[in-house]
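Asks: Dropping a prediction and its sequence here:
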Amino acid sequence: MCCLSRWSAAPLVAAGVALALVACAPPPLPAQQPMSNAWGVVGTIGSNQEVQGKLTQMDARWDNRPLQAYQFSCQAGQSFRMDVFSVWDNYALVFDPMGNVAARDDDSGDGLNASITYTCTMSGVYRLAVTTFTVGTAPGPYALQVTGIGAAMPLPDSMPQRIPLPQFPWPPPVATTRDVVPRGLVTRPAPAGAEGSVDTLGGVADSIESALRRGGIRDHAVYFIGDSGFVYVTRAEMIQPTGAPYPGDDRFPTDLRTASGSQGFLEFIISRFRARPGYFRIIAIIVTSRPIVTGGAPLSLDSATVLVNGGALTVPGALRRRAVRDLQVEAHVYEYLRPTASDTVGFRAASPVGARRHLAAAGLWTLDQLGGMR
């Protein structure tokens, strides 16, 4: 974690200003005050289980930060690992049966995710808690995963069924423009002597989310391609005919609604075009081990069909650890135009602005990183 805001850094980086990032100490641990076993509890969790929740400012408070906790039964000497996954900067805590903080963590997991490995010092009911890194961090949806350490333990029959992952239309709808994203921008180099490249989907997801934050894109949805990959879909933004985004708040008008949990991908797109005339852009970054061949129909406003699940906000824990060889990474850009307020929104089948220029104009990467103009 660094002291410079990830949002405030973006304009300086774009201007070519060198930044010296100073490491921050974790938030100070408040005086340990035992709390009741019911404090902040929203559910229970066992070894080799995952739960999904949504942290809000209305939840119980710890150090003036919202907190949700899950009861976890543990025997003295038993070890476990807890991982928290979210698109916001989370913070994890372990409370012992006496109500004291036994362990805490900020960024030991992937990216900004917390991870704690802990051996219980006494038998009883612990609380595994999720909170925010700072008071100013905006909370939201998350996944909490607990893994038993030692001999493999079978999943209990009572483990709740995982929420189905929302699927991206496949083959992908025809885009206005598309291009390959150099794999080195989102994956690590292959080890010396290795054939091809192997990376975890979680590592790639972190790189894409970092690029989105760098570009100031404040909202996105994640859709999945079976269990072989995923697609990050950006929030609709107003752009100029050159591909440059509108400045300030005009880039993401407040009259373009965000997706609800019941929307599918096409409904997610459609809901963002309700009022203003002008040019709009949506970027879909596709990551998969499958060949990427687009379908015959463009992504038009009358194409809403069978998708019923809304987009996720991040890649869930189980999928993040999946290692995939030779990933294909492409950016598909969908442009729309509404000439006047009385006109309907139309899909642009072609544009003078190529995909690379769109990505650079959005601030995700530079043209040089993307291989130059095309």
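Replies: Nice, thanks for sending it over.
Asks: Going by neighbour count, which residues of stretch 345-360 are buried?
Replies: Neighbour-count burial for stretch 345-360, counted by 16 or more other Cβ atoms under 10 Å, picks out 345, 347-348, 351, 353-360. Placement of C-beta: from N, CA and C, glycine included.
Asks: So which of these belong to strands?
Replies: residue 347 (DSSP state E).
Asks: Now flag whichever of the buried residues of stretch 345-360 is closest to residue 102.
Replies: Distance to residue 102, by Cβ to Cβ, is smallest for residue 359 among those, at 44.9 Å.
Asks: Does the closest one touch residue 368 like I think?
Replies: No - at 12.0 Å, residue 359 and residue 368 do not qualify as touching, with contact defined as Cβ atoms under 8 Å.
Asks: biggest helix in the chain by residues?
Replies: What stands out as the longest helix in the chain, according to DSSP state H, is helix 201-214.
Asks: Heading C-terminal from that one, find the next helix or strand.
Replies: Where DSSP states H and E defines the elements, the next helix or strand beyond helix 201-214 is strand 220-224.
Asks: could you point out which element follows that next one?
Replies: Immediately after strand 220-224, counting by DSSP H and E, sits strand 229-234.
Asks: ok, and what's touching that next one?
Replies: Taking Cβ atoms under 8 Å, 6 or more residues apart in numbering as the criterion, the residues outside strand 229-234 that touch it are 168, 172, 201, 205, 208-209, 212, 217, 219-225, 265, 268-269, 282-290, 311, 315, 319, 324, 327, 362.
Asks: Quick check: the residue lying closest to residue 217 once chain neighbours are set aside vs residue 241, distance?
Replies: Among residues not flanking residue 217 along the chain, residue 234 sits closest, at 5.2 Å (Cβ to Cβ, 6 or more residues apart in numbering). Taking Cβ to Cβ, to the nearest Å as the measure, residue 234 falls 19 Å from residue 241.
Asks: Comparing the two, which shows the higher neighbour count?
Replies: For residue 234 against residue 241, the residue with the higher neighbour count under other Cβ atoms under 10 Å is residue 234, and the figures read 23 against 12.
Asks: Return a PyMOL selection command for the buried portion of the contacts of strand 229-234.
Replies: Selecting the buried subset of the contacts of strand 229-234 in PyMOL, with 16+ other Cβ under 10 Å as the burial test, is done by:
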select buried, resi 168+172+201+205+208+209+212+217+219+220+221+222+223+224+225+265+268+269+282+283+284+285+286+287+288+311+315+319+324+327+362
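Asks: any low-confidence regions in the stretch 101-250 of the chain?
Replies: Scanning the stretch 101-250 of the chain with the threshold set as pLDDT under 70 gives 150-165, 188-198.
Asks: who does the longest helix of the chain touch, helix- and strand-wise?
Replies: Using 3 or more Cβ pairs under 8 Å, 6 or more residues apart in numbering; DSSP states H and E as the contact criterion, the elements in contact with helix 201-214 are helix 6-14, strand 229-234, strand 278-288, helix 317-320.
Asks: Which of the ones you listed has the lowest mean pLDDT?
Replies: Considering the helices and strands packed on helix 201-214 one by one, the lowest average pLDDT is found for helix 6-14, at a mean of 34.
Asks: And the next helix or strand past that helix?
Replies: Next along the chain after helix 6-14, taking DSSP H and E as the criterion, comes strand 41-44.
Asks: Within its sheet, name the partner strands of that next one and how each one runs.
Replies: Sheet partners assigned to strand 41-44 using DSSP bridges are listed as strand 65-74 (parallel).
Asks: Show me what the mean pLDDT comes to for the strand it pairs with.
Replies: Mean pLDDT, strand 65-74: 93.
Asks: Please apply the same query to stretch 334-350.
Replies: Taken as a whole, stretch 334-350 has a mean pLDDT of 84.
Asks: send the alpha carbons of that stretch over as CSV?
Replies: Output of stretch 334-350 as CSV, limited to C-alpha atoms (Å, rounded to 0.1, in the frame of the first residue of the first chain):
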residue,chain,number,x,y,z
TYR,A,334,-18.2,-1.0,-28.9
GLU,A,335,-19.0,2.5,-30.1
TYR,A,336,-22.5,4.0,-30.1
LEU,A,337,-23.9,7.2,-31.3
ARG,A,338,-27.0,9.2,-30.4
PRO,A,339,-27.1,12.2,-32.7
THR,A,340,-29.8,14.1,-30.8
ALA,A,341,-31.9,13.6,-27.7
SER,A,342,-34.9,12.6,-29.9
ASP,A,343,-32.8,9.9,-31.7
THR,A,344,-32.3,6.3,-30.7
VAL,A,345,-28.9,5.0,-29.9
GLY,A,346,-27.2,3.3,-32.8
PHE,A,347,-24.3,0.9,-32.9
ARG,A,348,-21.3,2.0,-35.0
ALA,A,349,-20.2,-0.8,-37.2
ALA,A,350,-17.0,1.0,-38.1
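Asks: what's the offset of it from the middle of its chain?
Replies: Its chain's average C-alpha position is 29 Å from that of stretch 334-350, according to Cα atoms, centre = their mean, to the nearest Å.
Asks: As a check, name the ranges of all helices in the protein.
Replies: When assigned using DSSP H, the helices of the chain occupy the ranges 6-14, 201-214, 265-270, 317-320, 355-362, 367-370.
Asks: Give me the contact list for the fifth one.
Replies: Under the contact criterion Cβ under 8 Å, 6+ apart, helix 355-362 has outside partners 175, 177-179, 181, 215, 217, 234, 237, 239, 242-245, 281, 283, 331-333, 353, 365-367, 370-374.
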